[in-house]
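Colleague: Dropping a prediction and its sequence here:
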Amino acid sequence: MTPGEIRDLSEEEIETRINEEQEQLEQLRFQHAVAHLENPSILREKRRLIARLKTILNEKQQAIAPEA
């Protein structure tokens, strides 16, 4: 998911996507601990996607918040 696609989503959709991705990451970590993943770089990609989602969500919230 590109940053442009993420910016098109609403805040609620981004928060939902963050929760979904975090759950998937937990499942992948468990699978990796029990039996090796075929492609362990998926963990890195998931972490980066979650960070990207959180960053854009924070940008949107800061743009809406009144400046002090």
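Modeller: Here it is on my side, so go on. Numbering: from 1, shown residues only.

Colleague: Report the distance from the worst-scoring helix or strand of the chain on mean pLDDT to the chain centre.
Modeller: The weakest-scoring helix or strand in the chain, judged by mean pLDDT, DSSP states H and E, is helix 3-7 (a mean of 92). Distance, stretch centre to chain centre, for helix 3-7: 12 Å (C-alpha atoms, centre = their mean, to the nearest Å).

Colleague: go on, stretch 39-50?
Modeller: With C-alpha atoms, centre = their mean, you get 10 Å for stretch 39-50.

Colleague: Buried residues, that stretch. List them.
Modeller: 46, 49-50 (16 or more other C-beta atoms under 10 Å). Quick note: C-beta positions are derived from backbone N, CA and C, even for glycine.

Colleague: just the CA coordinates of that stretch, formatted as CSV?
Modeller: C-alpha atoms of stretch 39-50 as CSV (Å, rounded to 0.1, in the frame of the first residue of the first chain):
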residue,chain,number,x,y,z
ASN,A,39,9.7,-15.6,3.6
PRO,A,40,10.7,-13.9,6.9
SER,A,41,11.0,-10.5,5.2
ILE,A,42,7.2,-10.3,5.4
LEU,A,43,7.7,-9.4,9.1
ARG,A,44,9.8,-6.3,8.1
GLU,A,45,7.2,-5.3,5.4
LYS,A,46,4.4,-5.5,7.9
ARG,A,47,6.3,-3.4,10.5
ARG,A,48,7.0,-0.8,8.0
LEU,A,49,3.4,-0.7,6.7
ILE,A,50,2.2,-0.2,10.3
